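>>> Quick one: sequence and predicted model below, then my questions.
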Amino acid sequence: QVQLVESGGGLVQAGGSLRLSCAASGRSFSSYAMGWFRQAPGKEREFVSAIDWSGAVADYSDSVKGRFTISRDNAKNTVYLQMNSLKPEDTAVYYCARGGSWIRISTIQSQYDYWGQGTQVTVSS
């Protein structure tokens with residue numbers, strides 16, 4: 001059974017930074033793409049960033065490109081999301097997810113088969 005546990009969320013002022021972590025249990029973490037998604041109050045969950053199994057390929061939504069950086073440490077079974085220049089509109093619950101075995105990287109939620117419980121990020125103006 002795969003478990004994903006996010007951490008690192010919190011309250012930060014606009015312009016500040018946070019680093020989210022997602023620790024994965026289970027075997028073969030290094031074989032799967034990982035993604036970050038977020039859901040703001042009253043809105044649907046949306047794609048934020050994803051990284052392939054090797055860490056060589058990454059993708060970002062337009063809204064975070066240039067401000068957020070995804071990375072992974074396969075030796076630690078952990079994926080990270082470094083968030084800089086945070087804006088109030090980044091306020092959301094952030095979820096990490098493991099990609100299905102059939103993808104290299106994807107922005108589509110249905111391509112991810114395991115999800116964490118989420119961590120709250122609140123950016124004050």
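Nice, I can see it.
>>> Where does Tyr114 sit: helix, strand or coil?
Classification of Tyr114 using DSSP: H, G, I helix; E, B strand; the rest coil returns strand.
>>> what's the neighbour count on it?
18 (other CB atoms under 10 Å). Using the backbone N, CA and C atoms, a C-beta is placed for each residue, glycine as well.
>>> what does Trp115 give?
17.
>>> which non-adjacent residue is nearest it?
The spatial neighbour of Trp115 that comes closest, neighbours along the chain excluded (CB to CB, 6 or more residues apart in numbering), is Ala97 at 4.8 Å.
>>> Repeat that for Arg45.
That would be Gln39: by CB to CB, 6+ apart, it lies 4.1 Å from Arg45.
>>> if I read this right, the one you found contacts Thr91, doesn't it?
No: look at Gln39 against Thr91 with CB atoms under 8 Å: they stay out of range, at 10.5 Å.
>>> Neighbour count for the two, which is higher?
Thr91 (18 against 14).
>>> Contact partners for the residue nearest the centre of the chain?
Centroid-nearest residue in the chain, with CA atoms, centre = their mean: Trp36, separated by 2.3 Å. Trp36 sits next to Leu20, Cys22, Val48, Ser49, Ala50, Ile70, Val79, Leu81, Tyr94, Tyr95, Cys96, Ala97 when contact means CB atoms under 8 Å, 6 or more residues apart in numbering.
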